[in-house]
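Trainee: my questions concern the predicted model and sequence given below.
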Amino acid sequence: MLDTDRPGPSPKKPSDGERDSLVGLYFRDASRYEMLTEVSERRLSRKLTRCYHVISAELTLPEDTPQTFRAVIGSLGDACIFSPRCRRAFHLANACRRKLIQSNLRLAVHIARRHNQHSIPMSDLIQDANVGLIKAVERFDPTKGFRFSTYAYWWISEEVKRCLQRGARLVHTPENVVNEIRNLHKVSLQMHQNLGRMPSQTELARAMEATPSRIGELRALAWRELSTDVPLIDDGSITLGDSLEADKQASPEHRMSGRDDRRALTSMFSELTEREQTILARRYGLGLPEPDTLQVISDEMGISRERVRQIEKLALRKLQALVTGQEEAYQL
């Protein structure tokens, strides 16, 4: 249990680098709100309970409806069409919700600080901690009698853990997939302890009642993404993207150029005789695993090696004349 009667956890004093940053500004803003004492929190819970009862009665919600902001206020829709008493309850419930969030911002920052890692920006951790805090506020049932700070602690911690699992991704993994990845790690660790070795993909699939291909997808998604904007030196003048050599084979311009060259070669080959085409193709290995020697071509075609050489030279002169003629035409 968290004892909020004593001063709540406060964010650490931001360093010189953080003082003027967005995170530093957030620290100072969060420090403006004090955490609720036990008495204040109980008073706020009673207000929320009354608001939920008024709205539930107005909407004639079933008796087993959870008395939470999500279940009751989420069913209200447009509050303007209801009675003045219901509208007052709606506005008061929203004010209580805002008070709960603001008074526990320091708790969210405290938990985010505890999970601070160099690979995850502090701003991302705080953002997800606040998401967990909002989820806790909207799912908190004041009629249960337990402290909100204890309830919120679990939700905030879970959301921060999901942030750590996702990593610093450019595109965040959906929450349900993050849960699958966490379950995969848990099952993998248990099987490793039981088997004394790393389990195979098939064994993991059987244990998780999934297909081996799905296990492979989850393993691939578990790898952390790395931005090409990551600086390689302290001043940030050189990034990872600057050090990566472009793949010329994957270049669209290179692929288009190769396609055009093949078309031009096919067009020029059509100007040669069938025997000239065969000899050139075999001598230069066009469409073959490797070029053929003069002797191989001579034996298979039933002509002398010298004759093969003569035909090859003649065909090359024809191709050269075609290329020269095209260049002259372009110049004209």
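Mentor: Perfect, I can see it now.

Trainee: export the one helix or strand residue 128 maps to as PDB, just CAs?
Mentor: Assigning secondary structure by DSSP states H and E places residue 128 in helix 122-139. Below are the C-alpha coordinates for helix 122-139, written out as PDB (Å, rounded to 0.1, in the frame of the first residue of the first chain):
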ATOM      1  CA  MET A 122      12.400   9.900 -20.800                       C
ATOM      2  CA  SER A 123       9.600  11.800 -22.600                       C
ATOM      3  CA  ASP A 124       8.300   8.500 -24.000                       C
ATOM      4  CA  LEU A 125       8.300   6.800 -20.500                       C
ATOM      5  CA  ILE A 126       6.400   9.800 -19.000                       C
ATOM      6  CA  GLN A 127       3.900   9.800 -21.800                       C
ATOM      7  CA  ASP A 128       3.100   6.100 -21.300                       C
ATOM      8  CA  ALA A 129       3.000   6.600 -17.500                       C
ATOM      9  CA  ASN A 130       0.400   9.300 -18.000                       C
ATOM     10  CA  VAL A 131      -1.600   7.000 -20.300                       C
ATOM     11  CA  GLY A 132      -1.600   4.400 -17.500                       C
ATOM     12  CA  LEU A 133      -2.700   7.100 -15.000                       C
ATOM     13  CA  ILE A 134      -5.600   8.100 -17.200                       C
ATOM     14  CA  LYS A 135      -6.600   4.400 -17.700                       C
ATOM     15  CA  ALA A 136      -6.500   4.000 -13.900                       C
ATOM     16  CA  VAL A 137      -8.700   7.000 -13.300                       C
ATOM     17  CA  GLU A 138     -11.300   5.900 -15.800                       C
ATOM     18  CA  ARG A 139     -11.400   2.300 -14.400                       C
END
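
Trainee: show the subsequent helix or strand relative to it.
Mentor: Assigned by DSSP H and E, the successor of helix 122-139 is helix 148-166.

Trainee: distance between that following helix and the chain's centre?
Mentor: Here helix 148-166 is found 19 Å from its chain centre; the criterion is CA atoms, centre = their mean, to the nearest Å.

Trainee: tell me the angle that helix makes with helix 122-139.
Mentor: Following axes from the mean of the first three to the mean of the last three CA atoms, to 10 degrees, one obtains 140 degrees for the angle between helix 148-166 and helix 122-139.

Trainee: and the contacts of helix 148-166?
Mentor: 1-2, 4, 35-36, 41, 45, 100, 104, 107-108, 111-112, 115, 117, 120, 124-125, 127-129, 131-133, 135-137, 139-140, 142, 172-173, 175, 178-179, 181-182 (CB atoms under 8 Å, 6 or more residues apart in numbering). For the C-beta atoms, the positions are set from N, CA and C on the backbone; glycine is no exception.
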